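Q: Return atomic coordinates for the entry below.
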Amino acid sequence: MPPPPLLLAVDGNSLLHRAYHAAPIGRLVDGADRPVWALHGLVLSIARAAAKIRPDAVVVGFDCPTESARRVEYPGYKAHRPDKAADLTEQLATAPELLRAAGLCVVTPTAYEADDVLASSAEQARQAGWRSILVTSDRDAFALLDETTSVLRIRNGGFDEAVVVTPESLIEVYGVTPGQYRDYAALRGDPSDNLHGVRGFGSATAARLLAAFGSVDAAWSAWDDGGAEAVRSAVGDRAATHFGTPEAREIVDRNRRIMAMRHDLTIPALDGVRLPLDLAVMRRALSGHGISLGPSLWALTGRADPNGAAQTAYVPNQWRRRNRRDPIPGQLALF
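A: Take a look at the predicted model:
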C-alpha cells in the first residue's frame with residue numbers, strides 16, 4: 001500500500017519574518033522600488049520545503065492583520081512587541097495576495113492566526129486520512145503532534161540542519177507528551193507573547209509536576225484533597241508555594257485559553273489543492289513583484305529535479321537532547 005498523502009502546512013508569518021531579518025541575498029526591491037526580499041525568501045523557503053519533502057498539497061497560513069480574538073480576551077497579548085518596520089509591514093500585507101496569485105492555497109482567518117490555520121489543517125488532514133508536516137517557529141504547535149502529525153523546525157544552516165519533532169522526541173527533549181504540552185507551556189509561560197507563567201516554574205519544574213500527576217488539574221485536585229506534600233515533593237518548596245495560590249490558577253487558566261488553537265477553521269478540501277501548480281502562473285505572479293526563482297519551483301510545479309537527483313524520502317534529523325552545554329534545537333533561530 002502506498003503511504004497516505006502528505007500535507008505541508010506552513011506558518012507564512014514565521015517564514016516571512018525570518019526571511020526579512022536574514023536577507024541572505026540582499027535587500028531586493030522591485031522595479032517600483034518596493035521591498036520584496038522577504039517575499040522572495042518566503043517563496044524560496046516554500047519551494048525548498050516542497051523539494052525536500054515532496055508533499056501532495058501545501059497550505060500557507062497567515063495571521064489576521066486587523067483583528068485578534070486573543071487580544072480581545074487578554075489585552076496584554078503581544079502588547080510588549082514594538083511596531084513593525086514599514087518595509088516589513090508592506091511585505092506582510094502583500095504576501096497572501098502574491099501567494100494566491102501564484103496558485104498556492106492561502107488561509108488568513110478573521111481574528112485568528114497562522115497557528116490556528118496549522119491546527120485546523122492538521123485536523124482536516126487527519127480526518128481525510130492524510131499525514132501532515134507543520135512548519136512553524138511557534139512551540140504551541142507541539143500540542144498538535146500525533147502519529148500522523150509532526151513539526152518541522154528549520155535552524156541556522158537550512159534544511160541540512162532541520163529537525164523533525166515527533167511525540168517521541170518531544171518526550172525526550174521536554175519530558176512531556178503532546179497532550180501535556182499546553183499545561184507545560186501554561187505553567188512556564190511564553191514571554192514572546194507576553195504571557196507570564198507561574199512563579200517558580202521553569203521547563204524542568206513544569207515537566208516534573210506533569211510527570212508526577214499527569215496534568216495541572218490533577219495536581220490541583222491532589223492539593224485540594226490534602227496532597228500538598230506530594231506536590232511539594234515533585235516540584236520543591238518554592239514552586240509548590242506559588243502553585244497553591246489562586247493567582248497561579250488564574251495564570252494557568254488564562255494561558256491555556258490563549259494558547260489553545262482553533263481546530264475548526266474552514267480549510268479548502270485537500271484533494272482540491274493538490275500539487276502541481278502551474279509554472280507559467282507562478283512565474284507571472286512572481287515577476288510582477290520582481291521575483292525570479294527559475295528552476296527552484298520544480299517541486300511545486302511537478303517537474304523533474306533540475307539536478308537530476310533521484311526521488312528519495314526526506315529524512316531530517318530527529319530532535320534529540322544534546323550535551324547540556326549545547327542549545328537544544330528549540331532554542332535556536334528558525335530560517
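
Q: Let me see the backbone angles for the residue nearest the centre of the chain.
A: If you average the C-alpha coordinates of the chain and look for the closest C-alpha using C-alpha atoms, centre = their mean, you land on residue 136, 2.5 Å from that point. Comment: the main-chain dihedrals of residue 136 come out as phi -160, psi 160, following degrees, to the nearest 10.

Q: quick one: the residue located most distally from the centre of the chain and residue 294, what's the gap?
A: With distances taken as C-alpha atoms, centre = their mean, the residue sitting farthest from the centre of the chain turns out to be residue 226, at 39.6 Å. Counting by C-beta to C-beta, to the nearest Å, the gap between residue 226 and residue 294 amounts to 69 Å. Quick note: C-beta positions are derived from backbone N, CA and C, even for glycine.

Q: can I get the CA coordinates of stretch 278-286 in CSV?
A: Extracted as CSV, the C-alpha positions of stretch 278-286 are listed here (Å, rounded to 0.1, in the frame of the first residue of the first chain):
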residue,chain,number,x,y,z
ASP,A,278,1.0,25.9,-13.0
LEU,A,279,4.6,27.1,-13.6
ALA,A,280,3.5,29.9,-16.0
VAL,A,281,1.1,31.2,-13.5
MET,A,282,3.7,31.1,-10.7
ARG,A,283,6.3,32.9,-12.8
ARG,A,284,3.9,35.6,-13.9
ALA,A,285,2.8,36.3,-10.3
LEU,A,286,6.3,36.4,-9.0
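
Q: in that stretch, what counts as buried?
A: By neighbour count, with 16 or more other C-beta atoms under 10 Å as the criterion, the buried positions of stretch 278-286 are 282, 283, 285, 286.

Q: Next step: those restricted to helices.
A: Mapping these onto helices (DSSP state H) picks out 282, 283, 285, 286.

Q: can you tell me which of those lies nearest to residue 98?
A: Relative to residue 98, the closest of those is residue 285; by C-beta to C-beta it sits at 6.3 Å.

Q: check contacts around that closest one.
A: The contact partners of residue 285, taken as C-beta atoms under 8 Å, 6 or more residues apart in numbering, are 98, 101, 102, 103.

Q: Same list, those, but as a markdown table with pLDDT please.
A: Putting the contacts of residue 285 into a markdown table (pLDDT from 0 to 100) gives the following:
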| residue | pLDDT |
| --- | --- |
| 98 | 98 |
| 101 | 98 |
| 102 | 98 |
| 103 | 98 |
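
Q: I'd like the distance between the residue nearest to the residue nearest to the centre of the chain when sequence neighbours are not counted and residue 223.
A: Ranked by C-beta to C-beta, 6 or more residues apart in numbering and with sequence neighbours excluded, the top spatial neighbour of residue 136 is residue 11, at 3.9 Å. In this view, residue 11 and residue 223 are 37 Å apart by C-beta to C-beta.

Q: Which of these two has more residues huddled nearby?
A: In this comparison of residue 11 against residue 223, neighbours counted by other C-beta atoms under 10 Å, the higher total goes to residue 11 at 24 against 18.

Q: how about the helices of the stretch 201-335 of the chain, start to end?
A: For the stretch 201-335 of the chain, the helices defined by DSSP state H, counting those that start in this stretch cover 203-213, 216-224, 228-235, 237-243, 246-259, 279-287.

Q: Oops, could you answer that again for the stretch 1-150 of the chain instead?
A: Counting by DSSP H, counting those that start in this stretch, the helices of the stretch 1-150 of the chain are 12-22, 37-53, 69-73, 86-101, 114-127.

Q: Quick one: work out the angle between the fourth one and helix 279-287.
A: What it means is helix 86-101. Calculated by axes from the mean of the first three to the mean of the last three C-alpha atoms, to 10 degrees, helix 86-101 forms an angle of 160 degrees with helix 279-287.

Q: what sits up against helix 86-101?
A: By C-beta under 8 Å, 6+ apart, the list of residues contacting helix 86-101 from outside reads 12-13, 16-17, 20, 34-36, 38-39, 42-43, 46, 60, 62, 65, 84, 106, 108, 281, 285-286, 288-289.

Q: can you check the third one too?
A: The list of residues contacting helix 69-73 from outside it, by C-beta under 8 Å, 6+ apart, reads 77, 78, 79, 111, 112, 113, 257, 258.

Q: Return a PyMOL selection command for the buried portion of the residues you listed.
A: What follows is the PyMOL syntax for the buried subset of the contacts of helix 69-73, where burial is set by 16+ other C-beta under 10 Å:
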select buried, resi 77+112+113+258
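
Q: between the contacts of helix 69-73, which is nearest residue 214?
A: Closest approach between those and residue 214, by C-beta to C-beta: residue 257, at 20.3 Å.

Q: Quick check: the closest residue in space to the closest one that isn't next to it in sequence vs residue 129, distance?
A: With C-beta to C-beta, 6+ apart as the criterion, residue 257 has its nearest non-adjacent residue at 6.7 Å, and that residue is residue 73. For residue 73, the distance to residue 129 under the criterion C-beta to C-beta works out to 34 Å.

Q: Much appreciated, bye for now.
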